[in-house]
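Asks: For reference, the sequence and a predicted model appear below.
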Amino acid sequence: MSIHDLWEQLTPIEEVGMTEESSRIGIRFYALESLAKNNQTLSLSADLTKVVALLSQWSTTHALHKLHALNPSPSQQPWYFEWILVDNATMQELNNHGRGQDKPTDVLSFPTLENAVHGDDHADCVTATPVESVLPESLMNAMRQQGGPLGSVIVSLDYAQEAVQHSAQVLDRYILERFIHGSLHNMGQHHATQDDYQRVLALQQDFFHRYTRLYPL
């Protein structure tokens with residue numbers, strides 16, 4: 001299954017930060033139809049307004065070069081992520097198609113601004129064979145003027161539930177961490193080396209330090 005095939009199976013859940021002029025980043029949240037009314041889906045949906053508010057503010061304080069290079073004005077359409085919640089079976093098909101790994105994983109990211117798919121198994125990020133062509137210059141010019149999609153981040157709910165079963169982690173936090181981690185990839189932050197990984201981890205930890213301080217779990 002490709003990312004394009006996946007769209008036929010998705011249900012829109014929530015759209016946050018797409019119309020407010022003060023928003024720099026928005027989120028369009030989708031889930032498999034079978035997960036649309038799942039309690040975890042609804043819980044995550046309820047948190048999106050808080051996530052978008054902090055993400056929009058926080059992204060301006062870091063050298064997230066994909067955003068700064070394109071730099072839309074606050075009055076234009078914001079950049080936005082497509083966050084997608086799936087099950088293990090769907091994630092395994094996507095992982096096999098995109099990375100040649102026939103197994104489920106926690107998170108996959110499909111950047112709009114690059115021609116690669118990134119996937120994570122815990123600390124490792126793998127850049128796979130390109131899955132789509134580089135965006136045409138005409139579209140890049142339009143995005144510079146208007147904002148637009150930063151790409152899709154896909155998280156497996158089954159994988160997350162299994163991961164936290166024998167740990168002290170909170171499921172909501174685990175899922176949100178994966179979405180933020182994938183979103184960092186879609187903003188150009190990758191970790192091919194250990195030093196790069198520590199840098200990306202520091203960005204992720206900084207976001208959650210601020211998030212937890214504002215919205216304690």
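Replies: That came in fine, so what should we check first?
Asks: looking at the protein, which helix or strand does the model trust least?
Replies: Within the chain, no helix or strand scores below strand 124-127, which has a mean of 36 by mean pLDDT, DSSP states H and E.
Asks: Once you drop chain neighbours, what's closest to Ser2?
Replies: His97 (5.4 Å; CB to CB, 6 or more residues apart in numbering). From N, CA and C alone the C-beta is placed, and that goes for glycine too.
Asks: hang on, I meant Tyr211
Replies: Nearest one to Tyr211, counting by CB to CB, 6+ apart, is Leu54 at 5.7 Å.
Asks: and what of Gln198?
Replies: For Gln198, ignoring the flanking residues on the chain, the nearest one in space by CB to CB, 6+ apart is His191 at 8.0 Å.
Asks: pretty sure the one you found belongs to a strand, no?
Replies: No. In this structure, His191 is coil, not part of a strand, as judged by DSSP: H, G, I helix; E, B strand; the rest coil.
Asks: That one against Tyr197, yeah?
Replies: Yes. With contacts counted by CB atoms under 8 Å, His191 reaches Tyr197, the gap being 3.7 Å.
Asks: what does the average pLDDT come to for stretch 29-47?
Replies: For stretch 29-47, mean pLDDT rounds to 90.
Asks: give the contact list for the residue nearest to Tyr211.
Replies: Contacts were defined as CB atoms under 8 Å, 6 or more residues apart in numbering; by that measure Leu54 touches 207, 210-211, 214.
Asks: Neighbour count: His191 and Tyr197, which is higher?
Replies: Each of His191 and Tyr197 has its neighbours counted (other CB atoms under 10 Å); His191 has more, 20 against 15.
Asks: Which residues are in contact with that one?
Replies: 125, 197-201.
Asks: the helices in the chain, which residues?
Replies: Assigned by DSSP state H, the chain shows helices spanning 3-6, 39-59, 65-70, 88-99, 137-146, 157-165, 171-186, 194-214.
Asks: what helices or strands is the fourth one leaning on?
Replies: Okay, so that is helix 88-99. helix 3-6, strand 107-111, strand 118-121, strand 149-156, helix 157-165 (3 or more CB pairs under 8 Å, 6 or more residues apart in numbering; DSSP states H and E).
Asks: picking that back up, what is the neighbour count of the residue nearest to Ser2?
Replies: Neighbour count for His97, taken as other CB under 10 Å: 18.
Asks: State the distance from Asn38 to Met18.
Replies: Separation of Asn38 from Met18 (CB to CB, to the nearest Å): 23 Å.
Asks: my bad, Tyr159
Replies: From Tyr159 to Met18 the distance is 28 Å (CB to CB).
Asks: Repeat that for Ser2.
Replies: Noted for Ser2: a distance of 25 Å to Met18, by CB to CB.
Asks: Neighbours of the residue lying closest to Ser45 once chain neighbours are set aside, how many?
Replies: Distances taken as CB to CB, 6+ apart place Glu14 nearest to Ser45, at 4.4 Å, with adjacent residues excluded. When neighbours are defined as other CB under 10 Å, Glu14 has 18 of them.
Asks: Contact partners for Glu14?
Replies: With the criterion set at CB under 8 Å, 6+ apart, Glu14 makes contact with 27-29, 45, 48.
Asks: now for these, which pair is the farthest apart?
Replies: Using CB to CB, these span at most 11.4 Å, a distance reached by Arg28 and Ser45.
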